[in-house]
Structure formats: C-alpha cells, structure tokens
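J.: I need the structure of the sequence given here:
(chains A and B)
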Number of protein chains: 2
Amino acid sequence: MDYAQLYSQIKLKGSFLCVGLDTDIAKLPPHLISQALQKGESKESAIFEFNRAIIDSTAKYTVSYKLNTAFYEASGWQGILQLERTAQYIKENYPEIFLIADAKRGDIGNTAAEYAKAFFEKMPFDAVTLSPYMGGDAVAPFLKYEGKWVIILALTSNATAEEFETLKVDGQMPLYEAVIRKADEWGGGQNIMFVVGATRPEQLAQIRRIAPQSFFLVPGVGAQGGKVEDVAKAGMNSQCGLLVNSSRGIIYADSTERFAEVAAEKAAELAAQMRLFLG
Amino acid sequence: MDYAQLYSQIKLKGSFLCVGLDTDIAKLPPHLISQALQKGESKESAIFEFNRAIIDSTAKYTVSYKLNTAFYEASGWQGILQLERTAQYIKENYPEIFLIADAKRGDIGNTAAEYAKAFFEKMPFDAVTLSPYMGGDAVAPFLKYEGKWVIILALTSNATAEEFETLKVDGQMPLYEAVIRKADEWGGGQNIMFVVGATRPEQLAQIRRIAPQSFFLVPGVGAQGGKVEDVAKAGMNSQCGLLVNSSRGIIYADSTERFAEVAAEKAAELAAQMRLFLG
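T.: I've put the predicted structure just below:
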C-alpha cells in the first residue's frame, strides 16, 4: 500500500484510527474460551475468534489494525498461529486495511532480513515497527519490499522515554530527532513512518516541523491519556499524516457477549472525533 | 542461574563460548529435510533435528547457546514450535547451559511483561537480549524473575552501529556508555549483561573500565572478523565476565552428513583458544 492509497482510505472512511489488537488471552470474555474448548479447539483459538469479532465490528471505523506481537508470543506457537490467522483474515476480508505488526524488532542485516521474511512473506503485514538503536542495518532489508513500510520508534509515550530518546546528541538535537533525520537517508516518506507518542502534543508539533511529509503512528490515546483533538491539532499535515492507535480502550471496553458491539461504539466515537479534523 | 554458577561452569568446561543457533531452514544439510519428509513430519521439524545434533556434539565445549528468534519466526508458527522444542531439549538434557533468547525486544511495560512471559514462562530461557531505546520500562518486567537475566544492547558489531550508539549524549559520553550507566540504576551485575561487539577491541577495553563486574555477550567472532585472543585480552575480568558467541562459523562449517562432527571441531578449536586465558 502506498501513501496515496492510505490517504485515500482515510478520506473515504473519515477516520485515521488504528485499532490495536493487543489481545491478551487472560482478558478474553470467558464465553469465548468455553466455546473454543467445547468445539474441541485449543483455548488459544479463542484469541482468533475474539479478533475476528472485533475486526468485523470495527472495520468500517478504522483504516488500520496493529497487532502487538508480544501478546501472541506469550501463548507460544499456538499464539503465533492466531497471529497468522488474524493477519490473513484481515487481508482476505478487508484488503484496504493498513496492517501493522507492532514488533519493535531491530537487529543486524542478515537477521533483519529474516524478520522481514516473517512479517512480509510468511505473514501479509504492510508495515512493521522497528527500533533504531542499531542504525540503518536493522532497517534496510525491510525497505527492499515494494509497497511495504517500516515504522521507526522516534519519541515513545512511556514514562522512561526520556532516559535516552530525549538526550541531546552531539550537542545539537534530541536523539529522537537524530533518528528522524538519519531515517531520511535510509528511504523516503513513501515507506518510512515514525512512532510519536500522543502524551506529548507540544513535542508532536515540533516533530511535525522536522518531518512535514511523514506519517506518524501515534499510540497513547485513551488508556495512556492522550486526546484525539490534541493529537490532530499538533500533528496533522495536508494529507492527514496520522494513524492514531487505541487498543485497550476499544477491545476491552466490555467483557460480556456484547464485547464486539461495545468495541464498535468506542471505535465509532473516536472516528467521529477524527472526522471533524478531516474537513 | 546466577553469576557464580555461570562462572563455575566456565571454569569447569574451560570455555566461555556461546554457540549461536541462528538456524536458517534454507541452509540446513539437505538430507535432514528429506528425512523429516520421509518420516511424515513437517520440513520445519528438520530445524529441531539439526539443532539437536549440533547441541549433542558441541555441549561439552560451550557454556551457552543463543537462539536467534528471527530465524525461527521466518518459518511462522512451525518455526516457533522448533524454537520451543530446542529450548526445552537443552534445558532437559543440559541444565547447566546458560540459555539465551537473542530477541532484541523492547517495548513499554505491559508489553514487555508479555515478552517476559514468552521467554521465561512459556519457554525456559535464562536470558533475553533487549534494546534499550525506550528506557527502563522495557527492562523492568524481565528483572522480576529471579535467576533470569537481561542482556542489553550497548555497542553492537554491525556497520551502522555508529549511526546512534556512539553519538555523544549531553556533551559527555557516547550513547552506549549512557545506556550502561543507566542500566546500573535498573538492577545489578547479577541480572544484567551487555552486548558488546567483538569487532572493536579497543572499545571493549574501554567498556570493561565502565562496567568492571558485568558479563558481556560478545558477538562478531568468526564470520564478522573478531578474534578470541583480542576479545579475551581486552574484555576479561577476574571472573571471566565474557560469553563469546560464534554462530555461522560453527553451525554451517559443513553441510554434509558430518555437519555436527565438524561443528564440534570448530567449537573445540574456539574453546581451546579460550582455555589459554582461563589460567
């Protein structure tokens, strides 16, 4: 998927929402586990059934799903199987959706090439989040895939982000800015996005000045305290340039048999707030 | 496993070798794939059979195995199943071995907790490599497991390590040094190691002065050009303090039916070089 296609989906749906499928087996509505076991399936298959219901109910309000790999890895190979099933389900049924693996990988070239295989060949993701610590080697193998994206950690929304990300490097700029500027040498705005946390709108505005064209993946709305309005005002560019993620506030809004319906209501609320800024 | 137990194994075996099981299904000796298929097993099960043969032949020369998760993820859930089987096989048959997941994960607290579950509960790893970019949040959940370790990326051996890792931060020290000093606040030498590349012995010596007590995991010997002698002279402390990794130079030294035997010869050569420095 390219920049123009993504922007076109955002306009069509009136939403720049990304729904985070951080699906924790310990937080699933209990009836899903019982149903899986009654059908003679693994309890992990309830992860997929949960995701499918959330996806079918929220797809009209969102342009992107982000699957946080940690939550699937915690269930071992059976969890990875549900990650694969979910990614395939989305691509088969909602091919217009921008599909993100939130994996935060980062390793030397020959290893990065294996991660790229995992997410772009074995699974049909459009984008993978990457850590920049080891430099461009960790990113280059992913950029060889046409139509695929990397999303580089710049300034994250967690409490200890300031331990390193905001340190001044070479007496000039914060580390996250050095990352954004270096990434410009790795590839263009057509295949590199940045993670920029929602909890610091003033820094989001500053980062927009550094990278006027780039898409930003913005976590931290909802459970972590960020607001759609603040993010939109600080971070939008002329082609939107934002994917705003919400995970827990949508997928765990309800844990009864109505969970998917309530998730849709929460996603619709966020999308309605976003539409105001899409003109 | 604690510091004293690890050092005791190093003395007992006269080796501080870590064998890297970066097992690439495309590089397996062809007869292993044929055998797996003839037995009606998945072709991915040949990954486990390869690892098992390498492990049984090299265990007497090594104190550690490092499994690079990317190579398993590239084969999807069937690859993760082989990762799990390999980790369990090592812990059941060689419980004295220090078992490392080379995963380079790094994410906010609730996500890091899921990765810790994956590697320390679902699988029996003793240690996980982590990226420090997001700060202590990404590390804390792992440190709650007694007897388990994290291995933080400090100065890596890849070509683009200098894009960020060696930048001067706050006008004082390179970023990798800031990482090592900050890690001291997260936990002690009993559960934090650092990744320090072998390709820069002069920097290894300098890092040893910054962290005199810590264990360093040193990749880059062999295929990447580092030498055991240089690493030992620059990096050892009074309790060894080193795990020197070799992957491709051991596991792919031969691709015939003799692969495990040749791997053992290569591991034995490295261990013999190491023994000279263990006095």
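
J.: quick one: the helices in the stretch 1-150 of chain A?
T.: For the stretch 1-150 of chain A, helices defined by DSSP state H, counting those that start in this stretch occupy the ranges A:3-13, A:30-38, A:45-58, A:69-73, A:76-93, A:109-116, A:140-143.

J.: Output those helices as a markdown table; include the columns mean neighbour count, distance to residue B:48 and mean pLDDT.
T.: Yep, even glycine has a C-beta here, placed from its N, CA and C like the rest. Below are the helices of the stretch 1-150 of chain A laid out as a markdown table (neighbours: other CB atoms under 10 Å in any protein chain shown; distance: least, CB to CB, whole Å; pLDDT from 0 to 100):
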| stretch | mean neighbour count | distance to residue B:48 | mean pLDDT |
| --- | --- | --- | --- |
| helix A:3-13 | 17 | 40 | 96 |
| helix A:30-38 | 14 | 27 | 96 |
| helix A:45-58 | 21 | 24 | 98 |
| helix A:69-73 | 27 | 19 | 98 |
| helix A:76-93 | 20 | 12 | 98 |
| helix A:109-116 | 22 | 17 | 97 |
| helix A:140-143 | 20 | 26 | 97 |
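
J.: Could you check how far residue A:190 is from residue A:215?
T.: 10 Å (CB to CB, to the nearest Å).

J.: where do the contact lists of these two overlap?
T.: Here residue A:190 and residue A:215 share the contacting residues residue A:3, scored by CB atoms under 8 Å, 6 or more residues apart in numbering or on different chains.

J.: of the two, who's got more company?
T.: Per other CB atoms under 10 Å in any protein chain shown, whichever of residue A:190 and residue A:215 has more neighbours is residue A:215, with 26 against 15.

J.: Over to that one: give its phi and psi.
T.: Here the main-chain torsion angles of residue A:215 (degrees, to the nearest 10) amount to phi -80, psi 140.

J.: Residue A:277 too?
T.: phi -100, psi 0.

J.: Setting aside sequence neighbours, what's the nearest residue to it?
T.: What sits nearest to residue A:277 in space, not counting adjacent residues and going by CB to CB, 6 or more residues apart in numbering or on different chains, is residue A:232, at 4.0 Å.

J.: Now do the phi/psi pair for that neighbour.
T.: Dihedral angles (degrees, to the nearest 10) for residue A:232: phi -60, psi -50.

J.: Could you tell me which residues make contact with it?
T.: Per CB under 8 Å, 6+ apart, neighbours of residue A:232: A:242, A:244, A:274, A:276, A:277.

J.: Whichever residue of the stretch 1-150 of chain A sits closest to chain B: how many residues sit nearby?
T.: Going by CB to the nearest CB, chain B is nearest to residue A:135 of the stretch 1-150 of chain A, at 2.9 Å. When neighbours are counted by other CB under 10 Å, residue A:135 registers 23.

J.: which residues touch it?
T.: A:182, B:158, B:159, B:160, B:161, B:162, B:163, B:164, B:165.

J.: same deal with residue A:206?
T.: Counted by CB under 8 Å, 6+ apart, residue A:206 has zero contacts.

J.: Same question for the one 10 residues further on.
T.: Listed by CB under 8 Å, 6+ apart, the contact set of residue A:216 reads A:193, A:194, A:195, A:196, A:204, A:207, A:208, A:235, A:241, A:242, A:243.

J.: So the fourth one sits against residue A:235, correct?
T.: Just to be clear, that refers to residue A:196. Yes: between residue A:196 and residue A:235 there is a contact at 7.1 Å, judged by CB atoms under 8 Å.

J.: Tell me the residues that contact both of the two, please.
T.: Joint contacts of residue A:196 and residue A:235 (CB under 8 Å, 6+ apart) are A:204, A:207, A:216, A:218.

J.: Among those residues, which ones are in helices?
T.: Those of the shared contacts of residue A:196 and residue A:235 mapping onto helices are A:204, A:207, per DSSP state H.
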